[in-house]
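# Coordinates for the following, if possible.
(3 chains)
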Amino acid sequence: MGADKSICDLIKNYKPGYSLEQNFYKNPELYERELEKIFFQNWFLAGHTSQIQNAGDYFLLDFANESIIITRNKEGKVKAHLNVCRHRGSRICLEKNGNAKSFTCPYHAWSYDLDGNLIAARIMADDFEKSENGLHKVHVELVGGLIFISLAEKPLSLNAMKDDLKDVFKQFGFDNMKLAMQKSYPVKSNWKLAVENYQECYHCAPSHKDFAKIHAMAQSPEKFNRQKEALRENPPSIVRTKASSFYFDLAIPGEEGYQYDRNPLLPGKLSGSKDGKPVAPLLGDLKKYDGAASEFLVGPVTFFLIYDDHMIGYRFLPTTIDDCICDLFWFVRADAVEGKDYNQGDLSWLWHVTILDDEEIIVNNQKGVNSKYYKPGRLSEMEHFPQHFLNWYLQAIS
Amino acid sequence: MGADKSICDLIKNYKPGYSLEQNFYKNPELYERELEKIFFQNWFLAGHTSQIQNAGDYFLLDFANESIIITRNKEGKVKAHLNVCRHRGSRICLEKNGNAKSFTCPYHAWSYDLDGNLIAARIMADDFEKSENGLHKVHVELVGGLIFISLAEKPLSLNAMKDDLKDVFKQFGFDNMKLAMQKSYPVKSNWKLAVENYQECYHCAPSHKDFAKIHAMAQSPEKFNRQKEALRENPPSIVRTKASSFYFDLAIPGEEGYQYDRNPLLPGKLSGSKDGKPVAPLLGDLKKYDGAASEFLVGPVTFFLIYDDHMIGYRFLPTTIDDCICDLFWFVRADAVEGKDYNQGDLSWLWHVTILDDEEIIVNNQKGVNSKYYKPGRLSEMEHFPQHFLNWYLQAIS
Amino acid sequence: MGADKSICDLIKNYKPGYSLEQNFYKNPELYERELEKIFFQNWFLAGHTSQIQNAGDYFLLDFANESIIITRNKEGKVKAHLNVCRHRGSRICLEKNGNAKSFTCPYHAWSYDLDGNLIAARIMADDFEKSENGLHKVHVELVGGLIFISLAEKPLSLNAMKDDLKDVFKQFGFDNMKLAMQKSYPVKSNWKLAVENYQECYHCAPSHKDFAKIHAMAQSPEKFNRQKEALRENPPSIVRTKASSFYFDLAIPGEEGYQYDRNPLLPGKLSGSKDGKPVAPLLGDLKKYDGAASEFLVGPVTFFLIYDDHMIGYRFLPTTIDDCICDLFWFVRADAVEGKDYNQGDLSWLWHVTILDDEEIIVNNQKGVNSKYYKPGRLSEMEHFPQHFLNWYLQAIS
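Got it, this is the predicted structure:
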């Protein structure tokens, strides 16, 4: 009750338009509540169907104290289960990815099929029911080839998003992508400082020189809005420019929050690369580069940036209260060939250097927030996304 | 009181026949209570008299926040004391082992004799009583050359065990062994997961391929029991086959728990080695190999496996709530000569590879048990030893 | 309240003449209170004006979760501010030292002048007041070139000390020194064990063989006092021998505690060096070596030892409850030239080896204090300084 009371007070005392109190980043009970109310509830990106093309292909997704096996079953369906044996709890899969006919626990050899059913347990009493000892199931939904999971008992719906953005998924060929590359960036900070960082471009001009050479949004709001207005009024390509703003606190009740928007690049820039030139074949139905990029987010910790020729996925997951991992995913057309149509170095350059900058920024933010003399500070209008995130967050943990 | 209440609830809610709730492995108050009620009470193996042959020879035994000096005094008696200076608390002995005429604290040079009496303390007030400032004494008992210690004020008795197993100690020559080798294996898990692992052979077949080539008990209970029955009915040697089952919850009141049993090896196997062939001269009074091995345990964390030609000791001690150390001791006849009668590599091969397997198993068990989705699972009949251990453990911490 | 109660009990149960209970070194609430009542109140050494000779020169001082920027402003005044941006809290200065026209936060480019005033914050709402968003100020006072800081709102006065010791500062030329060398020694112990260690020479004879070859105080109190008496009665030089004992619990109300005393070196020794020979030009007004050294302390964690030709500063600051950092500062005359008048190796030899000894001693003290069997022990008369420190400490945290 003491813990609940202090979390309650924290929430009640939050001053809109300001950053969070220090305690939001260091209260261990609050962290437990965040796991419960956010990471065991909301949807987030697990990976891509191109990682598990055949029955029995699997990969692991680890965060906090959890490990989840994502696999394709014999019927070709994507399934997800907790990597926790129902006997004495051992991890079952130890390899990060692979192919398995079934999952056999290395400890006492209890064996589960690709649907998580317990199919073998040696020398157990007669009244032991295998059917009651399957692996804990995790909800899975596909958005094109993107695999989303939710650990909730009754997850939020993704239908509004799927319906609304049908045209976008078609234009960019979401059904026709592959994962070209994935890279994990551990950050020594509370996960919220990393998410807050991702959501605002107030820091882009001072911190991300390379990003600021490509993206119009690193400029002042006036400049940026003028260019965005022009893009919306005269869309140079088939890509939808109409925004959908159901993110965070603006989400439809019962539906997972999502957002779509299209933003201009700087004049002459065509893609998110070192020099703004293309780095892969055009996605989906696109016939030409139009000097813009789309933002797309689903749930609180998964963000996409869609250039005309590739898509970046960003996912933030906590490891402990003081550490998180940011995973970057680079997607290209399914038929693009590495070394011919694209190469990993050029494809990943911009966001690799950008996240390395961010890593340092976020860690120094955490260090300062740890000070007794840190006080919540006033946010800029360029930080309205984090403000929406904070509003939602405060509701989510209440 | 909150802490006591939650430990009480944990104990009350335990479901017999199942593994423990997650909280048993992560509640810090419970860990403190385990230290108090188990590690500062029960007997465990400290080492062997062959390690301290001369007066002043000593070795250190460290666990949790404790360090204990085991030494031989001028009269040839084995003594044990806390390695904590009575002045300002410094560690006194810093070397893992050695020989000392007396123990002089490196900080302010207070000096203690081999019986722990303070014999020198410079420049202290006249009313300072050296006689009240000796080192804290630890109880010591010898079983043959094995040195057992208890940190209890009034330790449990070892007499029932010593009396009951006199013939066994004679047959194996417990008075005539030496420590041939000792090795420490740190395990990143709560100590109970390591002890539970040691106590059951349900995991032997899937996890310990090398062990399973030697020991009959890795087989199904039916097969194993048939072979064991045969051994008991027609003992092929002088070694006692009658079991003594006073372990854990079956212990005699006021006496430390212990157990003795003799189990068959697989046909043709003579010792616990890579190929089942002898690795050292026969122990004690034995005249021939009889294809069996004896189990012997004393207290909750010390286990022995006695082959005809050597004995393994296993000791589990916590370092923190999340880490423990498993120490393995290899004993041979006192007059066996390394390089001639045995060599360390062959002697230690089987249990070295076995514990390396276990290390990995236990760590993966801990990882899974940390999951929010871990639930206590049903135990197999091959896990009845851990069940006895758990019953005892729940009483011990109550 | 539980925490306050247990701290209260700890304080109440302290037995004068003995070392502290274990809990003083491991209670996390007490550690928080120590930060509040000691490290955010009392004065301690930050560094020396010779480190920041020009406007904009700065260096960082880090301890616990804090980072402080010490700089020289355009008017030549020494200023200190918290290294915490008033926007979202980021560290502003990342380099340990350097020169800056202003301090610009690397995150969102908020910019502060050398007096800590916010001079630029892009794209903020009209009602945002820059004047209310300056850096948090830290009090600074100079003692000669020594820079002291206090994080208190209303710091204790240093006037009594400055007034009393005017002659000492003049004789040793405190206005005319420079920092020749600084070195950080992290110690894996609670900060109090390190401070207690510094304050007594009961351990010098057994632990510091090199120190004991130079300093008379490593001997028995009788011997030492005889030599000290002689020094006081026939001062061989101009240096003040009259002690000022206002340290710790003896401090004047409203004034920071301080102490001055002069102690003999061993016959024939002139300075704190490997062989007792000079290692730098005479300080201040001194015309000859007189075989003695002065002790000078200000506040609870800053200690100086003044030889005729150089001065050592010692500063202890906590990193966490279990770790602290001891910083050593070596000062020489401002006009002394490295490589000609002194060299760093010879200058720092004695105290470098002495603190390496201490590091080991203190860590072993901490290990023993962690034992359940540690009990507060009786102090020697050679430990009356720590006794004064403990008396003061108990008041300070009450």
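# Name the helix or strand for the residue in the stretch 101-250 of chain A positioned nearest to chain B, please.
Distances between the stretch 101-250 of chain A and chain B by CB to the nearest CB are smallest at residue A:109, namely 3.9 Å. For every residue, glycine as well, the C-beta is placed using N, CA and C. Using DSSP states H and E, residue A:109 sits within no helix or strand.
# Now for it: which residues touch it?
A:120, A:122, B:205-206 (CB atoms under 8 Å, 6 or more residues apart in numbering or on different chains).
# Give me the distance between it and chain C.
Remark: distance between residue A:109 and chain C (CB to the nearest CB, to the nearest Å) = 41 Å.
# For that residue, give its distance to residue A:195.
41 Å (CB to CB, to the nearest Å).
# what does residue A:260 give?
For residue A:260, the distance to residue A:195 - CB to CB - is 19 Å.
# tell me which parts of chain A are close to chain B?
A:35, A:40, A:65-67, A:82-92, A:94, A:104, A:106-109, A:121-125, A:128, A:133, A:136 (CB under 8 Å from any CB of the partner chain).
# now these: which count as buried?
With neighbours counted using 16 or more other CB atoms under 10 Å in any protein chain shown, the residues of chain A next to chain B contain these buried positions: A:35, A:40, A:65-67, A:82-92, A:104, A:106-109, A:121, A:124, A:133, A:136.
# pLDDT score for the residue nearest to residue A:78 when sequence neighbours are not counted?
In this structure, residue A:78 finds its nearest non-sequential neighbour in residue A:140, 5.2 Å apart by CB to CB, 6 or more residues apart in numbering or on different chains. As predicted, residue A:140 sits at a pLDDT of 98.
# Show me what residue A:140 is bridged to.
Per DSSP bridges, the residues bridged to residue A:140 are residue A:149.
# Who are the contact partners of it?
Going by CB under 8 Å, 6+ apart, residue A:140 touches A:46, A:70, A:78-80, A:147-149.
# what does residue A:189 give?
Applying CB under 8 Å, 6+ apart, the residues near residue A:189 are A:322-324, A:362-363, A:365-366.
# Give me the subset of these lying in strands.
A:323-324 (DSSP state E).
# Separate out the buried members of the contacts of residue A:189.
Among the contacts of residue A:189, the ones that count as buried (16+ other CB under 10 Å) are A:324, A:362-363, A:365-366.
# Now the one residue sitting closest to the centre of chain A. Its backbone dihedrals?
By CA atoms, centre = their mean, the mean C-alpha position of chain A lies nearest to residue A:302, the distance being 2.2 Å. The phi/psi pair for residue A:302 (degrees, to the nearest 10) reads phi -120, psi 120.
# Would you confirm that it contacts residue A:317?
No - counting by CB atoms under 8 Å, residue A:302 does not reach residue A:317; the two are 9.8 Å apart.
# Now do the shared contacts for those two.
In contact with both residue A:302 and residue A:317: residue A:44, using CB under 8 Å, 6+ apart.
# Distance of residue A:151 relative to chain C?
Distance, residue A:151 to chain C, by CB to the nearest CB: 30 Å.
# show me what contacts that residue?
A:39-41, A:66, A:138-139.
# For chain A, name the helix or strand with the lowest mean pLDDT.
helix A:2-12 (a mean of 85; mean pLDDT, DSSP states H and E).
# Off-centre distance for it?
Put simply, helix A:2-12 sits 28 Å off its chain's centre (CA atoms, centre = their mean, to the nearest Å).
# in that helix, what counts as buried?
So for helix A:2-12, counting by 16+ other CB under 10 Å, buried means A:7, A:10-11.
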